[in-house]
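*Asks:* take this sequence and fold it.
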Amino acid sequence: MSAREPISPTSYLYPLAAMLLWAGNVVVSKLAAASIAPTAITFYRLVLVLLVMTPFVARPLWRNRVAIRRHWWQLALCGLMAMALFQSLSYRAAESTTATNMAIVTALAPLMTAILSVLLLGEQLTLGMAFGGVLSFGGLLYLVGRGDMLVLLHEGMHAGDALMLLACLIFALYGVLLRRWRLAVPAWQSIYCQAWAALLCMLPFFLRLPAGSAPLNGATLPLIAYAGIGSSIVLSYLWIEGVKLLGPNRCSIFVNLLPILTALLAIVWLHDTFHAFHLIGGGVSLLGVLLAQLVQRPLFARGLGAARA
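*Replies:* Numbers count the residues shown, from 1 in each chain. Prediction:
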């Protein structure tokens, strides 16, 4: 989109709806924690994604098989990170932390992506990244310590929060690798190939699940349907369209709405209690993310010559 071309207000509905679906997926993760193993719901959602997408993607994918073969290992690694590890760790984290905590940690992904871009892609460190990173880290400590940072020194981080932080780091690395590789594969074909790779990775773990931990019944089928169609296919479509209409920078700011939307859904569906440490810790963390996104002044000059010029 040209910088001079006016943006339709309806364009903002795409990333907003995507964040609402993502918030719903966090709540679904909490609901799934009590009824189905994380490995099982991850496996089932991938099967559903492939069943729905195959009739639409298989033919153009075959026509583009040369490019797919050229990038097969990058697509496989991306599928392992984004659709297998990130999802499995998220479902596992839901067993021992709140939906609001999960959403706040997930909202740190843009900041983590920016920092990893500096480390791995050689991008310039900005004032926003530096000060925003410190703010977000402090807010996260306050959040996971439930209002007392010193608790972490004595008890450590809760397992669910640590797993969600690891999942978010993996997701940020996934974004950086996509930026580095710039794969010449259309978005839907890329998602489809990644889903196949993730499914093959999850299959050995799924087959080793104990009996009774992967039920398909009235309680789990709606969760699998939402995870497979709502948060995997529809969400991806809305986000891709949003990036196309608004650009990646404008869309990334909508990630800051994830904790708010998740907290509202969790209060209504899960009867969660919203505490002051959620507001303070989450607010400080999100302020850090916003600083990283909005303040783009370099932290260090590129050189004395540049400074004098």
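*Asks:* relative to Gly147, how far out is Ala276?
*Replies:* Separation of Ala276 from Gly147 (CB to CB, to the nearest Å): 7 Å. Placement of C-beta: from N, CA and C, glycine included.
*Asks:* those two: which has the busier surroundings?
*Replies:* Gly147 (13 against 9; other CB atoms under 10 Å).
*Asks:* could you look up the SS state of the closest residue to Met53 other than its chain neighbours?
*Replies:* Closest residue to Met53 apart from its sequence neighbours, by CB to CB, 6 or more residues apart in numbering: Tyr192 at 5.2 Å. Classification of Tyr192 using DSSP: H, G, I helix; E, B strand; the rest coil returns helix.
*Asks:* tell me how many other residues surround Tyr192.
*Replies:* With other CB under 10 Å as criterion, Tyr192 counts 24.
*Asks:* low-confidence stretches in this protein?
*Replies:* 1-5, 150-156, 249, 301-309 (pLDDT under 70).
*Asks:* list the buried ones in whichever helix in it runs longest?
*Replies:* In the chain, with assignment by DSSP state H, the single longest helix is helix 38-63. Judged by neighbour count (16 or more other CB atoms under 10 Å), helix 38-63 contains these buried residues: 38-46, 48-50, 53, 57, 61.
*Asks:* show me what it is packed up against.
*Replies:* With contacts taken as 3 or more CB pairs under 8 Å, 6 or more residues apart in numbering; DSSP states H and E, helix 38-63 sits against helix 86-93, helix 187-207, helix 221-225.
*Asks:* just say which of the ones you listed is most tucked in.
*Replies:* Sort the helices and strands packed on helix 38-63 by mean neighbour count, taking mean count of other CB atoms under 10 Å, and helix 86-93 sits at the top with a mean of 24.
*Asks:* list the buried ones in the next helix-or-strand element following that helix?
*Replies:* The helix or strand immediately downstream of helix 86-93 is helix 99-106, counting by DSSP states H and E. Neighbour-count burial for helix 99-106 flags Ala99, Thr100, Asn101, Met102, Ala103, Ile104, Val105, Thr106 (criterion: 16+ other CB under 10 Å).
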